[in-house]
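>>> Build me a model:
(chains A, B, C and D, ligands or ions: 8)
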There are 4 protein chains.
Amino acid sequence: MKVVFFGDVVGEVGREALRLSIPKIRSFYQPDFILANGENAAGGNGITPKITYEFLRLGIDVITLGDHAWDQKEIISFIQDEPRLLRPINYPPRTPGEGYIIVKGNGKKLAVVCAMGRTFMLPQTENPFLICKKIVTELKKETPCIFVDFHAEATSEKIAFGRYLDGEVSAVVGTHTHVQTADETIFPGGTAYITDVGFCGAHNSVIGREIAPIIHRYTTLLPTKFILATENPRTDGIFVEIDEESGKAKKIERIQLSLSLS
Amino acid sequence: MKVVFFGDVVGEVGREALRLSIPKIRSFYQPDFILANGENAAGGNGITPKITYEFLRLGIDVITLGDHAWDQKEIISFIQDEPRLLRPINYPPRTPGEGYIIVKGNGKKLAVVCAMGRTFMLPQTENPFLICKKIVTELKKETPCIFVDFHAEATSEKIAFGRYLDGEVSAVVGTHTHVQTADETIFPGGTAYITDVGFCGAHNSVIGREIAPIIHRYTTLLPTKFILATENPRTDGIFVEIDEESGKAKKIERIQLSLSLS
Amino acid sequence: MKVVFFGDVVGEVGREALRLSIPKIRSFYQPDFILANGENAAGGNGITPKITYEFLRLGIDVITLGDHAWDQKEIISFIQDEPRLLRPINYPPRTPGEGYIIVKGNGKKLAVVCAMGRTFMLPQTENPFLICKKIVTELKKETPCIFVDFHAEATSEKIAFGRYLDGEVSAVVGTHTHVQTADETIFPGGTAYITDVGFCGAHNSVIGREIAPIIHRYTTLLPTKFILATENPRTDGIFVEIDEESGKAKKIERIQLSLSLS
Amino acid sequence: MKVVFFGDVVGEVGREALRLSIPKIRSFYQPDFILANGENAAGGNGITPKITYEFLRLGIDVITLGDHAWDQKEIISFIQDEPRLLRPINYPPRTPGEGYIIVKGNGKKLAVVCAMGRTFMLPQTENPFLICKKIVTELKKETPCIFVDFHAEATSEKIAFGRYLDGEVSAVVGTHTHVQTADETIFPGGTAYITDVGFCGAHNSVIGREIAPIIHRYTTLLPTKFILATENPRTDGIFVEIDEESGKAKKIERIQLSLSLS
Ligand SMILES: [Fe+2]
Ligand SMILES: [Fe+2]
Ligand SMILES: [Fe+2]
Ligand SMILES: [Fe+2]
Ligand SMILES: [Fe+2]
Ligand SMILES: [Fe+2]
Ligand SMILES: [Fe+2]
Ligand SMILES: [Fe+2]
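Numbers count the residues shown, from 1 in each chain, chains lettered A, B, ... in the order given. Ligands and ions are numbered 1, 2, ... in the order given. This is a model prediction of the structure:
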């Protein structure tokens, strides 16, 4: 089974870059499933129902979220009706929406889980280690192929989480820092891992935003309006090939696809 | 001018990996200067005078530090006598030691600066943006070749810092997360940049430490004694080539050198 | 029912002050139960088995803890055998020890709960609001008289927590900041409340520690060895009178008892 | 010299309570100067030029601010023209506005300083200890009577700051937590001190806001719109009497003034 996952899609430039990437990615990688993190899709802040449908029409099978999940208010009710949009699984009990789904296609079954780290994040969420171990045990009854987006900041927490699930899931890929790391690997137990996939959007920027206001903020501490950057569109992603019988990863490859929008 | 910089050297395995790497690096890259971040050299926690001399004997020209700078108490007095050991420049006025140095060799002059980020770090330090701009203005009177180790956590702060100094210095390389990033580049103004260089030490680990105790900590919250890992020694570094006239970077290349200790 | 609760007992001076206070408090308030927070009893850091017994011999019925619960390693096993020593209830499932107890005396029954806030604390603990609501529902089957020590930093979280349990428990008293607040009150539902009880120890200090090293730390950021202060011993506490039938608070009074040790 | 200082004025209820309090306070305490922290005066978030004038017309001599200083955008330019409105002195160099002022009245001269803590606050601000020591040395050339509002969260930092300036200034009073503490005292060097003055506004609330939305936030982690409370208006303040020759405090008294608005 072949899976492509795109890192945080940031704003209109990110969505446009995604739209242009998908045909190229399809022809090159022949993925069975395409996933994307959409937490910054709506002008950098969360996702709307309209943009969710836009993603689904592009052929994205599952959209994961992160700390920006609730930035757009309408999502609180919308997410209850759209199971392909996942919020982090470790929000408290009774939070709207779900943090996992099993999708089917080409006669194959892939479970996707979205979880969020706590260090330097929203630390009051439930323990992602314990919750994910539990849900993975359930999901394995349905399919050995499990793909986890771990949206987190600290490298220590991300690597520990990946090692913790090594042998239990097919892939743990990190998101949130918007910078792709060079540590893609397959752990001894067969789990594909990367600390961060990166982001889709304007790369002549500070993680997708215009440079000057960010510098203004860091040098003055005054409140500053951030705006999205537009130059150097690129999609960052990861390709993982999974053995369908065992659920073990066979290959992991980094993707950085530069595009010219016009 | 050719410079090689090694990411955080972690413990005895990291030091041994460094020792074995240097001859290979010398013959392959022919560096004029070799730099290393030594903040985790002493069992993961800071550096001692003895280990400082060990680094210098290996041919390291300058050692930078970070948030672990003061873990070993003797450093507070030692650093005042050893100018090749740099603590982050943005500690308060009157802190022992210095955060920059100009080194000479092969008829060439390189300024090295060590600075520390504030987001998710020790945020009470002085503003690294403002302090570095000031010192860089001074240093440029001596040499256009300036190499900055920015020891920081948040990708946003690191990229903003690199962009802020773009055109002012030859290179800004990040350290502290212990995970090498895949975003090495030369910014439009001529500054070589990478968000994180990675670390030197045992890579079958969580950023250099044994995996199991870290997972115990994340799953129980109980205090846990961390121990250093020993398997899969590797040195992570970065190579930067600088035009000596202009101080602009001509090339930046990531280094990941696996070694077998025995 | 009359209850006296002492704020965080800090080190030897705090324990000695407690020892001298108890007879005075007994004769003045005639308490049915005496409780104390012991998280700083062992030299400022946690509590030992020996000091636990010292507290019990003084007539303390229940000892609560906080973020310093595990500072002394032996506590991890000891707490499993000593139910009168409570660690915060919102540690993860399977943490050693318990966070509540029902004690009996004079034909009366008092439930005591120890919980910890998350804002500016150890935020990865479980949600204290949800956990306490649940346990309180259970405890009310046994007794309407329930006394909660909420060990937390942020005033907003402490007041919200007290308001949340208003009408469910007899008292919510805050600890951890070591500064007694002047907002003791009985909420409309009948729950006695104070944001912080204060601490027992040397008050010519910074929250129990010598002043000079703390100032050194704030002015230099260098690591500093903190030592306990010795001057101006005082016990801070709170007196609550509870209607035994309804569990509602009838009275709350602040205690600040200065002592001369010699 | 007699000075009354009011804690954080929160929203319209706080302003109305302040308006009703001032005549009572004037006749009872006969203050030479009245000061107030206005960081929450505009609907809880910062202060506007219009509300600044409202305060001045009520007879407030100096208005201090805190972490909410810049919530209302117009303040960035307005504060440059209105020296009686103080932002924390430890913002970076070149920040608009000032952090101190000397006011005169009844033939007396009082220096007022506004500073902000860093622990659990905006830690990237400059070191308030070092900056205040410096400015105080300057101000003492003009008058020995110096009143400092230290807007901070952590009790440790607040007490250390007060002890650090003991003997240098007439008073250090804390703000920001919105809960009045019961530790008002005069330190050995003659500096009046209290960890927190409290706030002016609706006290049937969580630090001035409606209770239910705050509880919703703590129990669900979902984004929640906070609204200001309206019941139980009260002004919290502090009265300090200062010896004009020496600048030493002679008396410190807590104020809690309940009012009925109608
Ligand atoms: Fe993101
Ligand atoms: Fe994120
Ligand atoms: Fe490090
Ligand atoms: Fe570090
Ligand atoms: Fe304590
Ligand atoms: Fe505590
Ligand atoms: Fe406030
Ligand atoms: Fe504030």
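>>> so A:T235 bridges to which residues?
Beta-bridge pairing for A:T235 (DSSP bridges): A:L257.
>>> tally of neighbours for it?
Neighbour count of A:T235, defined by other C-beta atoms under 10 Å in any protein chain shown: 28. Every C-beta, even on glycine, is put in place using the N, C-alpha and C of the backbone.
>>> Quick check: residues of the stretch 51-200 of chain A near chain B?
For the stretch 51-200 of chain A, the residues in contact with chain B (C-beta under 8 Å from any C-beta of the partner chain) are A:120, A:127, A:129-130, A:153-157, A:159-161, A:163-164, A:177-183, A:195-196, A:198.
>>> So which of those residues sit within helices?
Among those, the residues falling in helices (DSSP state H) are A:F129, A:L130, A:T155, A:S156, A:E157, A:I159, A:A160, A:F161, A:R163, A:Y164.
>>> Let me know the pLDDT of the fifth one.
Right, the one you point to is A:E157. A:E157 carries a pLDDT value of 97.
>>> Would you mind finding the longest helix in chain A?
Using DSSP H to define each element, chain A has its longest helix at helix A:11-29.
>>> Determine which two of the ones in helices among the residues of the stretch 51-200 of chain A next to chain B are furthest apart.
Spatially, the most separated pair among those is A:L130 and A:T155, at 20.7 Å (C-beta to C-beta).
>>> Of those two, which one has the most company?
It is A:T155, of A:L130 and A:T155, that has more neighbours when counted by other C-beta under 10 Å, with 25 against 17.
>>> Which residues are in contact with that one?
If a contact means C-beta atoms under 8 Å, 6 or more residues apart in numbering or on different chains, then A:T155 has A:T195, B:T177, B:H178, B:V179, B:I207 as its contacts.
>>> Enumerate every residue touching the last one.
If I follow you right, that is B:I207. Residues near B:I207 by C-beta under 8 Å, 6+ apart: A:T155, A:S156, A:I159, B:V10, B:T177, B:H178, B:V179, B:F199.
>>> Quick check: the spatially most central residue of chain A vs B:E142, distance?
The centroid of chain A falls nearest to A:N37 when counting by C-alpha atoms, centre = their mean (3.3 Å). A:N37 is 46 Å from B:E142, where distance means C-beta to C-beta, to the nearest Å.
>>> still on that earlier bit, any idea which of the contacts of B:I207 is closest to A:L228?
The closest of the contacts of B:I207 to A:L228 turns out to be B:T177 (C-beta to C-beta; 25.1 Å).
>>> how far away is the residue lying closest to A:R94 once chain neighbours are set aside from D:I214?
In this structure, A:R94 finds its nearest non-sequential neighbour in D:T220, 7.6 Å apart by C-beta to C-beta, 6 or more residues apart in numbering or on different chains. Here the criterion is C-beta to C-beta. By it, D:T220 lies 11 Å from D:I214.
>>> If you count surrounding residues, which of the two has more?
Ranked by neighbour count (other C-beta under 10 Å), D:T220 and D:I214 place D:I214 first, with 23 against 18.
>>> quick check: mean pLDDT across the longest helix of chain A?
For helix A:11-29, mean pLDDT is 97.
>>> related to what we said a few turns ago, can I assume the residue nearest to the centre of chain A is in contact with A:L18?
No - between A:N37 and A:L18 no contact is recorded; they are 10.9 Å apart, counting by C-beta atoms under 8 Å.
>>> tell me, what's touching the two both at once?
A:F6, A:V9.
>>> ok so, going back, ok, is the longest helix of chain A in contact with ligand 1 or not?
No - applying C-beta under 5 Å from the ion, one finds helix A:11-29 out of contact with ligand 1, separated by at least 10.0 Å.
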